[in-house]
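> One predicted model, sequence on top.
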Amino acid sequence: MFVKANGGKLAIVLEYVDDLIITGDDVEEICQTKENLSVRFEMKELGQPKHFLGLEVDRTHEGIFLCQQKYAKDLLKKFRMLECKPISTPMEPNAKMCEHEGKDLKDATMYRQLVCSLLYLTLTRPDISYAVGVMSRYMQNPKKPHLEAVRRILRHVKGTIDYGLLYKKGEDCKLVGYCDADYAGDHDTRKSTTGYVFMH
């Protein structure tokens, strides 16, 4: 990501290999940035983005809606969970995971791929962030209960596949954060676990 600030005007360039998204808070500054780049590089204008790295961008009368519906569907299909029964929560309430409980998995690679795929899905799905974060602790030596917990996250994704983030237009962005911690909640290390949420 490259940021250009020019007298209070902002232009932002997001780059991935040979794909660019150019945005900012001033139309003239965005156009000037495009012109400057096109002098040095061969560029093709594709208009407003609809898809970028698995993200779907939908402009509505309310604002910009970001989701990963296709990515989530492909994920469910890849791990044979497309026909699973949906569930309302990504993690069992008061669930306590332990590092050494349960049988070893025959294929830990599949568990790691699944958790990494879910980590990417959290870009537009903060509702699964905590559960995915907990399950990512067991990547080194996952057990059967860990895999079952990850499959539960997929079942939640199935029932909420159209969830995403809506950035409303015309609203002031006021960021509010809350945090709390339990006491010695981690069963393996006896460390406290801090949880937090930010809303705008």
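Perfect, thanks for sending it.
> Show the pLDDT at Asp104.
Here, the pLDDT recorded for Asp104 equals 90.
> State which strand of this structure is the longest.
If you go by DSSP state E, the chain has its longest strand at strand 9-16.
> Show me the shaky parts of this structure.
Scanning the chain for pLDDT under 70 picks out the ranges 184-188, 190, 200.
> Helices of that one, start to end?
Taking DSSP state H as the criterion, the chain carries its helices at 27-40, 69-78, 108-121, 129-135, 144-159.
> Tell me the neighbouring strands of the longest strand of the chain, and mark each as parallel or antiparallel.
strand 2-6 (antiparallel), strand 19-24 (antiparallel) (DSSP bridges).
> just so I know, which of those lies nearest Gly195?
strand 2-6 (30.9 Å; CB to CB). Just so you know, the C-beta spots here come from the backbone N, C-alpha and C atoms, and that holds for glycine as well.
> Give me the contacts around the closest one.
10-13, 15, 24, 29, 33 (CB atoms under 8 Å, 6 or more residues apart in numbering).
> which pair in these spans the largest distance?
Across those, no pair lies farther apart than Glu15 and Glu29, at 17.6 Å, counting by CB to CB.
> Counting neighbours, go ahead and name the busier of those two.
With neighbours defined as other CB atoms under 10 Å, Glu15 and Glu29 compare such that Glu29 has more, 20 against 11.
> was I right about the more buried one contacting Ile12?
No - using CB atoms under 8 Å as the test, Glu29 is too far from Ile12 to be in contact (9.9 Å).
> ok, and what's touching the longest strand of the chain?
Contacts of strand 9-16 (CB under 8 Å, 6+ apart): 1-4, 20-26, 28-30, 32-33, 37, 52-53.
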